[in-house]
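Asker: Have a look; sequence and predicted model below, questions after that.
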Amino acid sequence: MFETLEKLQPDPILGLIAAYNGDPRPAKVDLGAGVFRTEAGQTPVMRAVKAAEKTLLDTQTSKTYTGSEGDAQYNAAIQALIFGADHECIRDGRVWTIDAPGGSGALRVAAWLLLRAEKSKRVWVSDPTWANHIPLLGSAGLELKTYPYYDVATRGINFDAMLDALNAVPEGDTVLLHASCHNPTGADLSHKQWRAIADVLERRHLLPFLDMAYQGFAGTVDEDVVIVRELAARFPEMILASSCSKNFGLYRDRVGALSVVARSADEAAASWSQAVNIVRRIYSVPPNHGAAVVATILDDSPLRAVWIDELDGMRARLNANRDALADALAAGPAERDFSHLRRGYGMFSILGLSPAEVARIRDEYAVYMVGSSRINIAGVTQANLAYLADAIAAVCAPG
């Protein structure tokens with residue numbers, strides 16, 4: 001049977017991680033893997049997570065299954081974190097949230113929910129977008145199209161082209177938008193731009209589908225959901241996939257959520273029943289440990305304060321790294337403008353190197369980044385900053 005299967009190439013990012021791990025050069029720099037790192041290069045377990053895990057270890061009395069919707073305490077806590085406990089869509093019973101195995105799991109359940117709804121099988125994603133959006137949603141059966149987002153020449157959002165493209169999207173289609181910390185570019189819409197996009201979506205009767213993997217990384221946890229809450233109040237229907245991988249550091253525990261805003265409480269109940277039926281047919285029930293950790297943190301005021309403090313520190317480190325790398329490149333021999341690094345948000349930016357330059361900086365200087373020159377800002381440290389800036393300048397030198 002299996003002799004008919006062809007060997008596939010490894011995922012580009014996972015393959016990059018393997019290549020980095022196998023590189024014996026002591027000065028190597030990893031800017032590829034999408035995880036937060038400290039100045040020491042570690043991806044730590046957060047203090048709030050450790051404390052919550054101890055509480056669970058001491059108090060948890062059973063590991064029995066949850067329902068397909070997952071941990072009810074977690075669902076309520078995440079819903080309040082995203083929408084605000086007193087949001088009108090919550091008061092009116094128009095929104096539901098279910099526990100999912102990471103943001104990827106939430107996206108996949110959302111894809112099949114859209115297919116069951118039958119009216120919105122085409123989804124528009126930004127160009128570029130997160131590397132797994134198109135294969136993850138497309139392999140579920142959705143038709144994927146792209147709209148312009150990033151201008152490589154200006155190192156910023158090509159907003160006019162984005163608006164023009166969305167104005168031409170057929171009515172009833174779904175538009176996937178990054179809520180904050182756009183991956184891979186780090187270039188985020190301003191509040192004014194968000195409102196202009198919302199005007200187009202409303203006029204064209206398009207369904208907003210938000211992917212929020214980095215709440216608390218661009219601004220505070222509340223600042224990063226201002227537009228989410230506005231859209232939930234403005235639109236009769238909306239989908240949101242969220243993740244706790246980055247802001248709680250729970251990467252391997254696979255903690256995410258799918259939230260859906262419906263036109264009415266009855267339609268919310270109907271769509272919820274379809275979603276949990278989909279879950280039952282895929283993975284039956286989601287993992288619970290990470291979700292229980294998050295619920296414990298969010299429902300305990302002192303522990304929540306510790307988490308917020310840690311998250312603020314993570315965001316401050318990323319912002320400082322952006323400025324430090326931009327400063328080092330401006331002070332060195334690099335002849336290109338890298339000031340766009342300062343204007344970005346979150347862990348990622350596109351450096352602006354060509355594929356040949358990306359290959360050269362890896363081969364000659366052991367600096368690893370994905371082929372688009374997307375870099376993880378968290379991989380920059382004081383120890384590697386000067387070396388990294390020199391390597392970038394060297395591959396950018398003419399001739």
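Answerer: Alright, I've got the coordinates.
Asker: Could you pull out the strands in this structure for me?
Answerer: 29-30, 95-100, 122-127, 143-148, 150-151, 156-157, 174-178, 207-212, 238-243, 256-261, 348-350, 367-368, 374-376 (DSSP state E).
Asker: Columns mean pLDDT and distance to residue 165 on top of these, output as a markdown table?
Answerer: Backbone N, C-alpha and C define where each C-beta goes, glycine included. Listed next are the strands of the chain as a markdown table, based on pLDDT from 0 to 100; distance: least, CB to CB, whole Å:
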| stretch | mean pLDDT | distance to residue 165 |
| --- | --- | --- |
| strand 29-30 | 95 | 35 |
| strand 95-100 | 98 | 29 |
| strand 122-127 | 97 | 8 |
| strand 143-148 | 97 | 4 |
| strand 150-151 | 96 | 13 |
| strand 156-157 | 96 | 12 |
| strand 174-178 | 98 | 10 |
| strand 207-212 | 98 | 16 |
| strand 238-243 | 98 | 20 |
| strand 256-261 | 98 | 24 |
| strand 348-350 | 96 | 20 |
| strand 367-368 | 96 | 33 |
| strand 374-376 | 96 | 22 |
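Asker: and residue 196, which of these is closest to it?
Answerer: With respect to residue 196, and counting by CB to CB, the nearest of the strands of the chain is strand 156-157 at 11.7 Å.
Asker: now the strands of the chain as TSV including distance to residue 341 and mean neighbour count?
Answerer: Listed next are the strands of the chain as TSV, based on distance: least, CB to CB, whole Å; neighbours: other CB atoms under 10 Å:
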stretch	distance to residue 341	mean neighbour count
strand 29-30	16	24
strand 95-100	33	27
strand 122-127	20	20
strand 143-148	22	16
strand 150-151	14	19
strand 156-157	12	17
strand 174-178	18	25
strand 207-212	23	23
strand 238-243	24	26
strand 256-261	29	26
strand 348-350	5	25
strand 367-368	15	24
strand 374-376	9	26
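Asker: In JSON lines, list the ones you listed along with distance to residue 190.
Answerer: Below are the strands of the chain laid out as JSON lines (distance: least, CB to CB, whole Å):
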{"stretch": "strand 29-30", "distance to residue 190": "32"}
{"stretch": "strand 95-100", "distance to residue 190": "26"}
{"stretch": "strand 122-127", "distance to residue 190": "16"}
{"stretch": "strand 143-148", "distance to residue 190": "17"}
{"stretch": "strand 150-151", "distance to residue 190": "15"}
{"stretch": "strand 156-157", "distance to residue 190": "9"}
{"stretch": "strand 174-178", "distance to residue 190": "14"}
{"stretch": "strand 207-212", "distance to residue 190": "16"}
{"stretch": "strand 238-243", "distance to residue 190": "20"}
{"stretch": "strand 256-261", "distance to residue 190": "23"}
{"stretch": "strand 348-350", "distance to residue 190": "17"}
{"stretch": "strand 367-368", "distance to residue 190": "32"}
{"stretch": "strand 374-376", "distance to residue 190": "22"}
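Asker: Among those, which comes closest to residue 41?
Answerer: Here strand 29-30 is closest among these (CB to CB), at 8.2 Å.
Asker: Who is the nearest residue to residue 134 once chain neighbours are set aside paired with across the strands?
Answerer: In this structure, residue 134 finds its nearest non-sequential neighbour in residue 144, 5.2 Å apart by CB to CB, 6 or more residues apart in numbering. Residue 144 forms beta bridges with residue 123, as assigned by DSSP bridges.
Asker: try residue 242
Answerer: With DSSP bridges as the rule, residue 242 is bridged to residue 212, residue 257.
Asker: got a list of what it touches?
Answerer: 78, 82, 103, 106, 212, 213, 215, 256, 257, 258, 259 (CB atoms under 8 Å, 6 or more residues apart in numbering).
Asker: Against residue 92, how distant is the first one?
Answerer: Same thing as residue 78. From residue 78 across to residue 92, the span is 19 Å (CB to CB, to the nearest Å).
Asker: One more: the third one?
Answerer: Look at residue 103 and residue 92: by CB to CB, they are 26 Å apart.
Asker: the more surrounded of these two?
Answerer: residue 103 (26 against 13; other CB atoms under 10 Å).
Asker: per-residue confidence at the more buried one?
Answerer: Confidence at residue 103, expressed as pLDDT, is 97.
Asker: next one: residue 120
Answerer: 69.
Asker: How about residue 322?
Answerer: On the pLDDT scale, residue 322 gets 97.
Asker: and it, how many neighbours?
Answerer: 22.
Asker: Equivalent analysis for residue 272, please.
Answerer: Neighbour count of residue 272, defined by other CB under 10 Å: 18.
Asker: Same question for residue 387.
Answerer: 16.
Asker: quick one: it and residue 27 touch, right?
Answerer: Yes - assessed by CB atoms under 8 Å, residue 387 is found in contact with residue 27 at 5.9 Å.
Asker: Now for these two: what residues contact both?
Answerer: What both residue 387 and residue 27 touch, as defined by CB under 8 Å, 6+ apart, is the set residue 365.
Asker: Quick check: residue 34 vs residue 379, distance?
Answerer: 10 Å.
Asker: my bad, residue 254
Answerer: With CB to CB as the criterion, residue 254 and residue 379 are 23 Å apart.
Asker: cool, residue 197 as well?
Answerer: Applying CB to CB to residue 197 and residue 379 gives a distance of 31 Å.
Asker: again with residue 324
Answerer: 12 Å.
Asker: So which of the two has more stuff around it?
Answerer: Shown here are residue 324 and residue 379; by other CB under 10 Å, residue 379 has more neighbours (22 against 17).
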